[in-house]
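1. structure for this input, please:
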Amino acid sequence: MDDPIDDALSGSESDLPAYSEPPPPYPGPPLPTNTADWLARIDRRAKKETRRIKRYFRHRNTPLRRFTLEEVMGHGADGVVCKIKFTHGIWPFRRTERYAIKRALSRDQDHAIAREIRLLRSFRGALHIVQPFRLRSKYRDPLDSAPGRTLMMQLLENGSLHTFLTRCQTTGRPLPNRFLLRVFMCLVRSCIAMAWPPRKPRGARATTERPPSDPARLQQASHIRHGDMHFGNLMFGGLDEEEHSVIPVLKLIDFGRATPIDDPWNNNLAEKGNLYDIGLIMRALITGVITRNPPVAAVGFRVDGEDVNLASAGADLSRPSYPDLDDNIRGMVALLLAIDPDRRPQIDQLHDKLSTWVERGSNYYKDYPRGRGFERTVHIRAIVQGLLLNADN
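-> Residues are numbered from 1 along each chain as shown. The predicted model follows:
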């Protein structure tokens with residue numbers, strides 16, 4: 001039986017039914033009527049699978065116990081994630097690697113793990129999406145002989161965006177615009193990777209995602225909708241010497257509910273849905289309040305000197321609220337949260353605008369209430385150091 005994920009990745013048409021209208025912002029099965037019982041059942045399944053994982057690491061390990069289950073990082077409705085340490089080599093040349101594994105909560109959910117593995121392989125080389133991990137060793141992970149599928153992926157060491165926002169809320173201060181723009185760019189780049197999967201070979205270096213320069217290729221998007229993009233599924237990695245020298249790279253994880261959307265008229269339904277999710281995340285970073293149902297109203301904004309009037313779920317961002325907020329960020333987030341999907345920007349246009357805005361220095365904000373000192377790189381580094389790098393993740 002053909003898999004719609006494979007169809008989307010290969011560029012062929014999907015057999016999924018056509019949508020008569022854009023999908024809701026957060027697709028997926030509705031929560032059961034008795035949510036408490038459902039959550040309790042998920043928790044029991046997670047504990048059962050965790051016991052199974054611990055048993056395999058205890059009894060199926062290598063003679064020198066090269067694999068260590070360091071931490072159960074958490075679980076969701078689809079799987080449990082653990083942190084693994086692998087030690088190899090001979091003293092004094094011994095090396096240690098750490099990675100993450102994901103296991104389904106039950107064997108009937110293994111198909112979702114298998115689909116996620118295939119998707120992540122297509123995203124090899126995407127800097128802003130979690131990458132598959134492979135042991136470069138003769139040794140096999142203890143779960144290799146376990147029933148079902150195991151997803152091995154890179155470990156993202158600096159915690160989730162949700163944890164970061166929770167810490168920010170304790171300070172009672174807004175985030176600098178130059179910080180928001182960098183996070184904004186990371187989010188957009190992850191959506192670019194979903195739209196045009198890089199499909200690099202195994203072991204290839206991850207590189208920055210950009211929209212295709214070829215107009216024909218630009219029209220050949222994969223139409224993959226993440227379907228579960230929220231603060232818990234965005235994780236901070238490490239710093240680098242390029243685009244992420246001040247703020248660690250932010251990566252999208254958990255593709256268990258990702259699916260291609262049938263789009264026969266090429267209306268970019270999946271991309272517009274993903275951009276709406278980005279708008280919700282950016283709105284929460286600005287307001288400090290996470291909600292999937294922000295108030296909707298008809299409002300006016302100004303983006304790059306152009307007046308825009310529309311009905312948006314970002315209406316509460318309008319002036320005079322948040323006087324320190326860059327009007328371009330204010331207006332663009334409102335556009336992403338437009339109720340009419342056709343009013344949302346194209347992803348390549350959004351990328352081009354952000355590429356210009358993210359280069360602005362602190363002096364651009366000298367006339368804002370908090371002044372350019374609030375936007376200086378040294379202040380942003382202090383935020384990152386105190387709330388991210390030095391924090392217990």
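2. put the alpha carbons of stretch 74-88 into CSV.
-> Presented in CSV, the C-alpha positions along stretch 74-88 are these (Å, rounded to 0.1, in the frame of the first residue of the first chain):
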residue,chain,number,x,y,z
GLY,A,74,9.8,12.9,28.5
HIS,A,75,6.8,11.4,26.6
GLY,A,76,3.9,12.5,24.5
ALA,A,77,0.9,10.7,23.0
ASP,A,78,3.0,9.0,20.4
GLY,A,79,6.3,8.0,22.1
VAL,A,80,8.8,8.2,24.9
VAL,A,81,12.2,9.9,24.4
CYS,A,82,15.4,9.0,26.3
LYS,A,83,18.9,10.3,26.5
ILE,A,84,21.7,7.8,25.7
LYS,A,85,25.5,7.9,26.4
PHE,A,86,27.7,5.8,24.2
THR,A,87,31.4,5.3,25.2
HIS,A,88,33.8,3.8,22.7
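3. list the contacts of that stretch.
-> 42-43, 46, 49-50, 53, 66-73, 94-105, 109, 112-113, 135, 137, 139, 141, 151, 155, 232, 254, 256-257 (C-beta atoms under 8 Å, 6 or more residues apart in numbering). C-beta: built from backbone N, CA, C; applies to glycine.
4. quick check: mean pLDDT of that stretch?
-> Average pLDDT, stretch 74-88: 89.
5. off-centre distance for it?
-> Its chain's average C-alpha position is 18 Å from that of stretch 74-88, according to C-alpha atoms, centre = their mean, to the nearest Å.
6. packing partners for the longest helix seen in the chain?
-> Assignment by DSSP state H gives helix 35-59 as the longest helix of the chain. In terms of contacts (3 or more C-beta pairs under 8 Å, 6 or more residues apart in numbering; DSSP states H and E), helix 35-59 is packed against strand 67-75, strand 79-88, strand 95-104.
7. sheet partners, orientation included, of the shortest one?
-> When pairs are called by DSSP bridges, strand 67-75 turns out to pair with strand 79-88 (antiparallel).
8. so for the partner strand, what gets flagged as buried?
-> Judged by neighbour count (16 or more other C-beta atoms under 10 Å), strand 79-88 contains these buried residues: 79, 80, 81, 82, 83, 84, 86, 88.
9. tilt between it and helix 35-59?
-> 20 degrees (axes from the mean of the first three to the mean of the last three C-alpha atoms, to 10 degrees).
10. quick check: angle from strand 79-88 to strand 95-104?
-> Here strand 79-88 runs at an angle of 160 degrees relative to strand 95-104 (the same axes, to 10 degrees).
11. how about JSON lines for the helices and strands packed on helix 35-59, with distance to residue 203 added?
-> Shown next, in JSON lines, are these (distance: least, C-beta to C-beta, whole Å):
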{"stretch": "strand 67-75", "distance to residue 203": "21"}
{"stretch": "strand 79-88", "distance to residue 203": "17"}
{"stretch": "strand 95-104", "distance to residue 203": "14"}
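12. do you know which of those strands lies nearest residue 162?
-> Closest to residue 162 of the helices and strands packed on helix 35-59, according to C-beta to C-beta: strand 67-75, at 10.8 Å.
13. then stretch 209-216 to CSV, C-alphas only?
-> The C-alpha trace of stretch 209-216 is given here as CSV (Å, rounded to 0.1, in the frame of the first residue of the first chain):
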residue,chain,number,x,y,z
GLU,A,209,17.9,26.3,4.4
ARG,A,210,16.9,28.8,1.7
PRO,A,211,14.0,28.9,-0.8
PRO,A,212,14.9,27.6,-4.2
SER,A,213,16.1,30.2,-6.6
ASP,A,214,14.6,28.4,-9.6
PRO,A,215,11.0,29.5,-10.1
ALA,A,216,10.0,26.0,-11.3
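14. wait, a strand at residue 307?
-> Yes. The assignment for residue 307 by DSSP: H, G, I helix; E, B strand; the rest coil puts it in a strand.
15. surely it and residue 300 touch.
-> Yes. Assessed by C-beta atoms under 8 Å, residue 307 is found in contact with residue 300 at 6.3 Å.
16. of the two, give the one with the bigger neighbour count.
-> Neighbour tally, residue 307 and residue 300, criterion other C-beta atoms under 10 Å: the higher count belongs to residue 300, 13 against 9.
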